[in-house]
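K.L.:
Here's my sequence, what's the structure:
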Amino acid sequence: MGEVNDVANPAPSTAPPPAPPARRTAFAEGVDTARAAATTEPGRLRIIGALLALLVVAFGAVTAWQTAEREAAADDVLHKSQRLSTAAADIYRSLADANTAASSGFLAGGRETAVSRQRYEDDIDTAAAKLVTAANNSDAGSPSAAAITKLNKLLPEYKGLVEQARTYNRQGFPVGGAYLRYANQKMQDDMLPAAVDLYTKENQRLQDDYADATPYPWAAIALGVLALAGLAWAQHRNYRRTNRVLNHGLVAATATTTVVLLWLVIGHSVARAGLNDSYDHGVRSLNVLHDARIASLKARGNENLTLVARGAETVKVGSGADEKTLDKYDHDFTEDIATLGKGLALAAKYADDQAGEKPVTSAESNMAEWKKRHTAARSQDDNGNYEQALALVIGGKGATGECFDSVDHNLDTAIGHEQAEFEQAAGDGLDAMTGLPVGAAVLAVLGAAGAVLGIGRRLSEYR
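P.N.:
Numbers count the residues shown, from 1 in each chain. Just a heads-up that it's a prediction; the model follows:
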């Protein structure tokens with residue numbers, strides 16, 4: 001009986017129950033649902049409507065994004081980076097001109113005029129004010145900020161040396177010349193290189209803004225073409241199935257998409273042309289003119305220091321039997337004048353109208369006369385006629401200072417003209433993109449709504 005019971009009532013099985021079937025992912029289920037929907041015409045219409053709306057909205061969003069970036073960069077070109085580049089050039093010009101005015105006042109000694117003294121003070125004040133402007137617009141910890149900090153530290157040190165030179169000079173102590181040469185060395189070796197560094201960095205920042213503002217928004221253009229192709233296909237499909245030529249919703253979507261695409265291409269092309277023009281006929285000329293003005297200021301400063309040093313500073317040029325010992329400052333003057341001549345020739349080449357060319361041509365004539373008068377002054381000084389040489393350099397009519405002032409005035413006029421041309425062209429470029437990001441976004445939403453309504457009209461025929 002026991003054996004029979006054991007067979008009739010076997011021991012419970014220890015095998016695990018079968019696992020439930022794995023749940024499918026939401027994505028897989030969605031694909032199956034879409035595939036099932038695509039087997040019916042209403043389902044296909046819903047998918048087409050969703051894709052069209054997505055394409056049009058994506059086109060509008062990418063257009064708004066890319067044009068907003070370019071508009072911001074163009075605004076920086078016009079209102080920020082170019083102005084900072086000009087401010088950096090003004091810092092250099094003010095420092096170099098202050099150095100020139102200081103040496104001119106030193107040469108005049110007790111006869112220093114109030115005009116010469118005021119010119120020096122104005123240059124120092126201008127440099128300080130421009131440094132404040134540059135500091136307010138520079139990024140903390142950037143190379144530009146470091147250059148500005150260095151100049152802010154060196155400026156009062158330079159002023160102190162100049163005042164000491166003036167004091168000793170008025171008292172007739174020769175050590176005044178040593179102080180002025182030391183002040184000039186600080187300016188030439190430390191301050192002006194820092195100003196050049198700042199100018200170079202701000203120019204690079206301007207170049208970067210141009211690079212961000214001018215490229216075509218190819219992603220937006222490609223999406224616009226794709227959206228138009230999709231809308232055209234949907235209308236053709238609708239015509240083949242219903243023989244209806246127009247679907248008002250799809251036509252409205254096509255119209256808004258076309259408007260946005262044309263606005264994008266034409267607006268950006270006009271903006272790009274304006275920005276390129278502002279560079280070719282503005283920034284490029286301004287850079288050359290600023291460099292030429294810097295060269296003229298350095299030449300004038302070295303010309304004055306030739307008389308201040310009286311041969312105390314020399315430099316060797318050439319080698320072997322051709323080696324010569326020359327006055328350092330007169331040698332530097334010769335190099336600066338050569339740089340000025342090359343800069344003026346390039347500026348005349350870049351000038352695209354008579355208003356821009358005329359002051360440059362006048363500056364070239366002034367420079368030629370300056371070189372003649374400088375040669376006469378050096379001849380007098382080399383022959384021991386120091387007072388006559390001094391009169392030919394810092395005197396009134398007929399002195400080299402008259403030529404330098406004329407060169408500086410004409411360069412200032414040319415810079416003002418090119419600056420106005422830059423602002424006009426860059427402003428036109430910026431205006432061409434005004435409203436495009438917002439307009440593209442709004443029209444894209446309207447276009448997407450038109451596509452959905454157009455497809456909805458067809459769907460209503462199946463209800």
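
K.L.:
And for the nearest residue in space to Val77 that is not next to it in sequence, the neighbour number?
P.N.:
With CB to CB, 6 or more residues apart in numbering as the criterion, Val77 has its nearest non-adjacent residue at 4.7 Å, and that residue is Asp209. Where you see a C-beta, it was placed from the backbone N, CA and C, and this is true even at glycine. Asp209 has 21 neighbours, counted by other CB atoms under 10 Å.

K.L.:
Next: the one 4 residues further on.
P.N.:
The burial count assigned to Ala213 is 25, neighbours taken as other CB under 10 Å.

K.L.:
what's the spacing between it and Leu206?
P.N.:
According to CB to CB, to the nearest Å, Ala213 stands 11 Å off from Leu206.

K.L.:
for Ala135, same thing?
P.N.:
For Ala135, the distance to Leu206 (CB to CB) stands at 18 Å.

K.L.:
residue ranges with poor pLDDT in this protein?
P.N.:
1-24, 26-39, 109-113, 243-245, 311-312, 317-318, 320-323, 461-463 (pLDDT under 70).

K.L.:
so where do the helices sit in the stretch 251-400 of the chain?
P.N.:
284-309, 328-350, 354-382, 386-394, 400-432 (DSSP state H, counting those that start in this stretch).

K.L.:
ranking the ones you listed by burial, who's on top?
P.N.:
Of all the helices of the stretch 251-400 of the chain, helix 284-309 carries the top mean neighbour count, a mean of 25, counting by mean count of other CB atoms under 10 Å.

K.L.:
Now do it against helix 354-382, angle only.
P.N.:
Calculated by axes from the mean of the first three to the mean of the last three CA atoms, to 10 degrees, helix 284-309 forms an angle of 10 degrees with helix 354-382.

K.L.:
And helix 284-309, what does it pack against?
P.N.:
helix 82-108, helix 175-186, helix 328-350, helix 354-382, helix 386-394, helix 400-432 (3 or more CB pairs under 8 Å, 6 or more residues apart in numbering; DSSP states H and E).

K.L.:
Go through the helices of the stretch 251-400 of the chain and name the closest to Ala61.
P.N.:
In terms of CB to CB, the element of those nearest to Ala61 is helix 400-432, at 21.1 Å.

K.L.:
Okay, buried residues for the helix or strand just after the closest one please.
P.N.:
On the C-terminal side of helix 400-432, the nearest following helix or strand under DSSP states H and E is helix 436-459. Neighbour-count burial for helix 436-459 flags 436-437, 439-441, 443-455, 457-458 (criterion: 16 or more other CB atoms under 10 Å).

K.L.:
Could you do stretch 263-280 as well?
P.N.:
Buried residues in stretch 263-280 (16+ other CB under 10 Å): Trp263, Leu264, Gly267, His268, Ala271, Arg272, Gly274, Leu275, Asp277, Ser278, Tyr279.

K.L.:
still on that earlier bit, which residues do Ala213 and Leu206 both contact?
P.N.:
Counting by CB atoms under 8 Å, 6 or more residues apart in numbering, the contacts common to Ala213 and Leu206 are Val77.

K.L.:
so Leu346 sits right up against Val288, yeah?
P.N.:
Yes - Leu346 sits in contact with Val288 when judged by CB atoms under 8 Å, with a separation of 5.0 Å.

K.L.:
hmm, back to that, put together JSON lines for the helices of the stretch 251-400 of the chain, with distance to Gln118 on each row.
P.N.:
JSON lines is the format used below for those (distance: least, CB to CB, whole Å):
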{"stretch": "helix 284-309", "distance to Gln118": "17"}
{"stretch": "helix 328-350", "distance to Gln118": "25"}
{"stretch": "helix 354-382", "distance to Gln118": "23"}
{"stretch": "helix 386-394", "distance to Gln118": "16"}
{"stretch": "helix 400-432", "distance to Gln118": "15"}
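
K.L.:
Determine which of those helices approaches Pro156 most closely.
P.N.:
Closest among the helices of the stretch 251-400 of the chain, using CB to CB: helix 284-309, at 20.0 Å.

K.L.:
Quick one: residues contacting Gln380.
P.N.:
Per CB under 8 Å, 6+ apart, neighbours of Gln380: Tyr386, Gln388, Ala389, Leu392.

K.L.:
rewinding a little: take the helices and strands packed on helix 284-309 and write them to CSV, including distance to Glu313.
P.N.:
What follows is those, written out as CSV (distance: least, CB to CB, whole Å):
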stretch, distance to Glu313
helix 82-108, 13
helix 175-186, 7
helix 328-350, 4
helix 354-382, 14
helix 386-394, 17
helix 400-432, 20
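
K.L.:
Buried residues of the longest helix along the chain, list them for me.
P.N.:
Identified as the longest helix of the chain according to DSSP state H is helix 41-76. Buried residues in helix 41-76, counted by 16+ other CB under 10 Å: 43, 45-46, 48-49, 52-53, 55-68, 70-71, 73-76.
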